[in-house]
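Q: I would like the atomic coordinates for the input below:
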Amino acid sequence: MKRIFDLIVSVLILLLLMPLFIVIAILIKIDSPGPVFFKQKRIGLNGQPFWMYKFRSMDTQAEKKGPYYTQENDPRITKTGHFIRKTSIDELPQLINVIKGDMSLVGPRPDVPAQQKDYTPQDWQKRLSVLPGITGLAQAVKRSSATGSQRLDYDLEYVDRASFLMDLKIILLTVKQVLVRKGTN
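A: Residues are numbered from 1 along each chain as shown. From the prediction side, this is the model:
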């Protein structure tokens with residue numbers, strides 16, 4: 001049921017937001033040189049690596065200029081990037097990952113391979129026992145203000161309590177977080 005829901009919602013959102021995708025692509029190209037999309041290797045279900053897609057919000061040399069995470073007022077973020085991050089529009093290309101089956105609408109956010117060192121082997125395996133999501137419990141509750149340990153706690157709680165109703169609740173809370181812009185960095 002979750003996979004069918006993910007597919008239907010992802011395709012509908014992609015179709016409805018196609019004009020917005022075109023506008024964002026134009027703004028990204030005007031704002032800074034480089035590709036419209038950013039892809040990064042992430043770790044998915046059962047430890048399988050996959051390419052996660054986002055609208056590019058940073059300059060093209062960002063990975064060489066700093067860590068895999070961003071900080072408040074990060075100079076690597078472009079002008080358009082500030083807007084699309086604040087509104088979470090940068091995450092929308094991950095709907096393609098959902099359609100491909102790499103991700104779900106809801107689940108723990110996928111980590112880059114280097115983040116494995118931040119977990120115990122048991123916690124790492126537990127996180128990887130479900131599909132990663134575009135949003136998760138940590139994003140629904142704290143948006144981007146969760147600490148690493150809070151994020152892990154929320155991710156593991158999600159794995160323990162995952163259900164279709166919980167996913168719906170997380171989606172609604174995430175929409176509220178984005179609209180209220182609570183907890184943004």
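
Q: need the residues that contact stretch 157-169.
A: 1-2, 5, 104-108, 126-127, 129-130, 136-137, 140, 170 (C-beta atoms under 8 Å, 6 or more residues apart in numbering). Quick note: C-beta positions are derived from backbone N, CA and C, even for glycine.

Q: out of everything not next to it in sequence, what's closest to the residue nearest to the spatial centre of the chain?
A: With distances taken as C-alpha atoms, centre = their mean, the residue of the chain nearest its centroid is residue 134 (4.3 Å). Residue nearest to residue 134 in three dimensions, not counting chain neighbours: residue 94, with 4.8 Å by C-beta to C-beta, 6 or more residues apart in numbering.

Q: report the separation between that neighbour and residue 122.
A: 27 Å (C-beta to C-beta, to the nearest Å).

Q: what of residue 53?
A: For residue 53 relative to residue 122 (C-beta to C-beta), the value is 30 Å.

Q: cool, residue 162 as well?
A: For residue 162 relative to residue 122 (C-beta to C-beta), the value is 18 Å.

Q: who has more neighbours, these two?
A: Taking other C-beta atoms under 10 Å, residue 162 and residue 122 do not tie; residue 162 has more neighbours (19 against 9).
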